[in-house]
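Asks: got a structure for you, letters missing:
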């Protein structure tokens with residue numbers, strides 16, 4: 001057995017055998033829909049059908065910036081099979097929408113602000129007819145010069161009635177005159193990443209007899225989507241119903257509302273069901289992306305390497321509309337110094353509108369961009385001091401009780417040093433053999449690598465942090481109902497299963513609390529109370545907490561008659577493996593016998609402690625909780641060709657508590673692999689605002705052949721006492737950390753600065769060797 005195999009402990013390996021814990025929290029319970037998804041029988045929105053179905057298509061702007069002179073829909077309306085054409089004139093309610101700010105039109109009316117902006121939509125009896133009719137809509141444009149450089153947006157003419165500046169955060173913490181013996185500076189650029197869901201956007205709208213409409217969507221925030229749709233349609237919210245279909249992956253806002261809103265308009269106008277299935281190009285043009293970011297840093301440290309002050313300027317490109325840009329900027333500014341103790345910090349953050357594609361929520365927004373920059377600065381500082389990069393990070397590691405640059409005390413577990421020590425001390429992988437049979441181990445793959453003698457190995461480190469749930473005063477609340485009848489439990493909660501494992505967790509919670517094996521989670525729609533968006537671990541925390549509270553209320557209903565009969569408190573009774581027993585052994589019965597045909601149910605809410613907005617100096621208790629990760633990356637770089645192969649990523653993560661070992665492992669591995677794509681390949685390129693190659697050929701996602709060996713060397717289970725179950729968000733923090741670690745390793749291999757992500761081949765080429 002290799003050292004790696006003997007030493008590395010994944011969450012799956014650490015789990016007890018299934019016979020020891022057959023169900024409940026801590027077990028690797030399989031997802032209820034795993035078989036259907038594996039066999040290809042699981043229904044997604046693209047699979048839906050309705051009698052009398054019409055097909056929709058959307059006309060999108062070919063220009064990033066233009067004035068609309070006229071829109072002529074007459075040719076499209078006259079085409080055989082076309083049932084309706086809608087433009088901005090057909091929006092009966094509020095014509096604008098947006099996740100963070102309602103600044104985005106359903107259809108452009110006077111000005112086009114980005115490539116791919118919707119202008120009109122068509123419903124026809126065949127998808128090809130719909131597309132041809134959309135193409136037949138004649139739009140006369142007066143093309144304008146696009147503003148694509150966010151630095152120019154400050155002085156450019158206003159691109160939007162709300163202006164170009166969306167938000168400015170000046171963070172001030174400590175002594176502005178503080179200075180260190182050692183100073184390092186750097187400028188960094190982070191590209192535009194796309195969520196690139198495997199299943200493109202799709203939806204179905206069905207008109208109702210009462211004049212309302214039902215929307216069948218892969219929504220990750222159904223109540224918000226319902227409210228937005230109702231406002232745009234000029235309807236009361238109770239006349240719009242969103243039914244959540246299967247979600248084919250979501251690492252961002254899965255469904256942009258720009259895809260949803262035309263569907264309902266067309267269904268209401270035609271009186272027929274209308275379906276839209278986006279092409280991959282439409283998907284790239286329509287939904288939001290990660291904010292491209294420009295960062296300038298100056299780090300001060302004393303002679304021992306202790307950080308004295310961090311100064312930074314952070315500029316986020318929001319694209320044409322605000323969306324969740326304010327939240328992304330708050331995260332970027334708040335975490336600009338990373339998981340390090342920094343007594344003095346002065347950060348300026350801006351997010352501006354441009355004519356680039358819109359940016360929005362993508363996993364780890366804000367935190368990922370700054371992690372790449374502050375970790376590059378730590379590498380520069382270590383090199384200037386002549387100190388081991390891991391040792392420098394350990395000297396400055398954040399811990400519980402320390403204070404963030406926002407002035408907020410870290411009250412949750414923060415085992416940053418423990419995580420870093422775990423990955424640092426993990427055995428390094430063996431060097432590849434210099435033989436033809438092992439060419440596949442070299443950068444470039446079989447027959448693609450240069451001379452083996454040009455390959456250099458590098459080892460680098462990354463530390464990352466993210467916040468959990470919403471921030472800056474966001475009202476995080478979820479409601480859940482648990483019903484028990486005939487020995488079967490049902491959970492009703494509008495928390496959407498996006499791949500994060502909530503439905504499995506809900507089943508485990510009820511199994512643990514009530515001792516009932518058969519637990520079902522009802523499909524999600526907006527007839528249920530709201531549960532909020534599925535991001536930042538909120539459904540594990542808030543929705544899981546609501547399910548637990550409801551299940552405990554049912555447990556009390558179940559146990560009270562028995563406790564009364566035997567003259568004891570319900571606290572003296574326990575449920576284990578479907579059996580109810582008392583502390584003294586006098587009572588022993590099964591849950592089924594105790595139910596005796598009764599129907600029990602309870603509804604409960606979970607709301608974490610409140611937060612507050614950052615003030616004018618960037619100070620405030622803005623976050624409910626934090627999660628941390630350390631990654632050591634090992635890469636091989638062909639310094640002649642600039643090709644990079646990630647050999648291994650050793651991961652240690654602060655998880656609070658392992659609720660489902662197999663699911664946790666999968667989420668960490670997926671997040672790490674996503675980060676490898678950000679580091680090396682993923683960049684949605686634009687030319688003067690036009691998206692180049694909006695397809696999965698031009699946008700290079702990492703495949704299974706690109707995925708490195710991922711070693712989960714440590715999961716720190718120090719429970720967060722304010723979180724239900726003590727668990728923390730697991731998916732975002734490895735996405736934030738792994739790009740920085742890979743870049744650090746490439747710097748170590750090449751000696752080059754590597755100040756841009758994704759890493760271009762020319763940045764890894766070393767001349768004069």
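Replies: Received it, and whenever you're ready, just let me know what you need. Just so you know, these numbers come straight off a predicted model, no measurement behind them.
Asks: what are the boundaries of the strands in the stretch 151-300 of the chain?
Replies: Under the criterion DSSP state E, counting those that start in this stretch, the stretch 151-300 of the chain carries strands at the ranges 165-173, 182-190, 202-207, 213-217, 240-244, 274-277, 293-301.
Asks: can you list those strands in a markdown table and add distance to residue 418, mean neighbour count and mean pLDDT?
Replies: Bear in mind the C-beta positions are built from the backbone N, C-alpha and C, glycine included. Shown next, in a markdown table, are the strands of the stretch 151-300 of the chain (distance: least, Cβ to Cβ, whole Å; neighbours: other Cβ atoms under 10 Å; pLDDT from 0 to 100):
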| stretch | distance to residue 418 | mean neighbour count | mean pLDDT |
| --- | --- | --- | --- |
| strand 165-173 | 26 | 19 | 97 |
| strand 182-190 | 27 | 17 | 97 |
| strand 202-207 | 45 | 24 | 94 |
| strand 213-217 | 42 | 25 | 95 |
| strand 240-244 | 39 | 24 | 95 |
| strand 274-277 | 48 | 26 | 95 |
| strand 293-301 | 23 | 22 | 98 |
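Asks: dead centre of this structure: give me the residue that sits there.
Replies: Of all residues in the chain, the one closest to the mean position by Cα atoms, centre = their mean is residue 363, 2.4 Å from it.
Asks: what's the longest helix in the chain?
Replies: Ranked by number of residues, the top helix in the chain under DSSP state H is helix 544-566.
Asks: immediately after that helix, which helix or strand?
Replies: Tracing the chain C-terminally past helix 544-566 and defining elements by DSSP states H and E, one meets strand 573-576 next.
Asks: the helix or strand that that next one is followed by - which strands sit beside it in the sheet, and in what orientation?
Replies: From strand 573-576 onward toward the C-terminus, using DSSP H and E, the following helix or strand is strand 579-582. The strands beside strand 579-582 in its sheet (DSSP bridges) come out as strand 573-576 (antiparallel), strand 588-590 (antiparallel).
Asks: do you know how far the residue nearest to residue 213 when sequence neighbours are not counted is from residue 205?
Replies: Computed as Cβ to Cβ, 6 or more residues apart in numbering, the closest residue to residue 213 that is not its neighbour in sequence is residue 264, at 4.7 Å. In this structure, residue 264 lies at 5 Å from residue 205, with Cβ to Cβ, to the nearest Å as the measure.
Asks: same check on residue 538?
Replies: In this structure, residue 538 and residue 205 are 28 Å apart, going by Cβ to Cβ.
Asks: again, but for residue 596
Replies: Computed with Cβ to Cβ, the distance linking residue 596 and residue 205 is 46 Å.
Asks: do residue 354 as well
Replies: 32 Å.
Asks: what do you get for residue 193?
Replies: Distance of residue 193 to residue 205, computed by Cβ to Cβ: 30 Å.
Asks: got it, and residue 598?
Replies: Distance of residue 598 to residue 205, computed by Cβ to Cβ: 41 Å.
Asks: so what sits against both of residue 264 and residue 205?
Replies: Listed as contacting both residue 264 and residue 205 by Cβ atoms under 8 Å, 6 or more residues apart in numbering are 213, 215.
Asks: tell me if I am right that residue 714 is in a strand.
Replies: Yes - counting by DSSP: H, G, I helix; E, B strand; the rest coil, residue 714 falls inside a strand.
Asks: in terms of contact, does it touch residue 424 like I think?
Replies: No - the criterion here is Cβ atoms under 8 Å, and residue 714 misses it with residue 424 at 11.1 Å.
Asks: looking at those two, which one has more neighbours?
Replies: Each of residue 714 and residue 424 has its neighbours counted (other Cβ atoms under 10 Å); residue 714 has more, 23 against 20.
Asks: tell me the SS of residue 459?
Replies: Using three-state DSSP, the three-state assignment for residue 459 comes out as strand.
Asks: can you pull the contacts of it?
Replies: So, once contact is read as Cβ under 8 Å, 6+ apart, residue 459 ends up touching 428, 632-634, 745, 748.
Asks: try 7 Å
Replies: 428, 632, 634, 745, 748 (Cβ atoms under 7 Å, 6 or more residues apart in numbering).
Asks: can you check residue 663 too?
Replies: 501, 504.
Asks: wait, a helix at it?
Replies: Yes - going by three-state DSSP, the assignment for residue 663 places it inside a helix.
Asks: do you know the pLDDT at it?
Replies: The per-residue pLDDT reported for residue 663 equals 90.
Asks: next one: it from residue 540, what distance?
Replies: Here the distance between residue 663 and residue 540 works out to 10 Å (Cβ to Cβ).
Asks: and for residue 402?
Replies: Between residue 402 and residue 540 the distance, using Cβ to Cβ, works out to 25 Å.
Asks: more neighbours: which of those two?
Replies: In terms of neighbours (other Cβ under 10 Å), residue 540 is the more surrounded of residue 402 and residue 540; the figures are 27 against 15.
Asks: assign that one to helix, strand or coil.
Replies: Looking at residue 540 with three-state DSSP, the answer is helix.
Asks: relative to residue 608, how far out is it?
Replies: Residue 540 sits 12 Å away from residue 608, going by Cβ to Cβ.
Asks: cool, residue 291 as well?
Replies: In this structure, residue 291 and residue 608 are 26 Å apart, going by Cβ to Cβ.
Asks: what residues does residue 348 make contact with?
Replies: Remark: with contacts taken as Cβ under 7 Å, 6+ apart, residue 348 is in contact with 170, 313.
Asks: please redo it, this time with the cut-off set to 10 Å
Replies: Taking Cβ atoms under 10 Å, 6 or more residues apart in numbering as the definition of contact, the neighbours of residue 348 are 168-172, 296, 311-315, 333, 336, 618.
Asks: likewise for residue 397?
Replies: Contact criterion Cβ under 10 Å, 6+ apart gives 338-341, 414-421, 463, 628, 630 as the residues in contact with residue 397.
Asks: tell me which of those fall in helices.
Replies: The helices, defined by DSSP H, take in 416-421 from these.
Asks: helix, strand, or coil at residue 738?
Replies: State at residue 738, reduced to three classes by three-state DSSP: helix.
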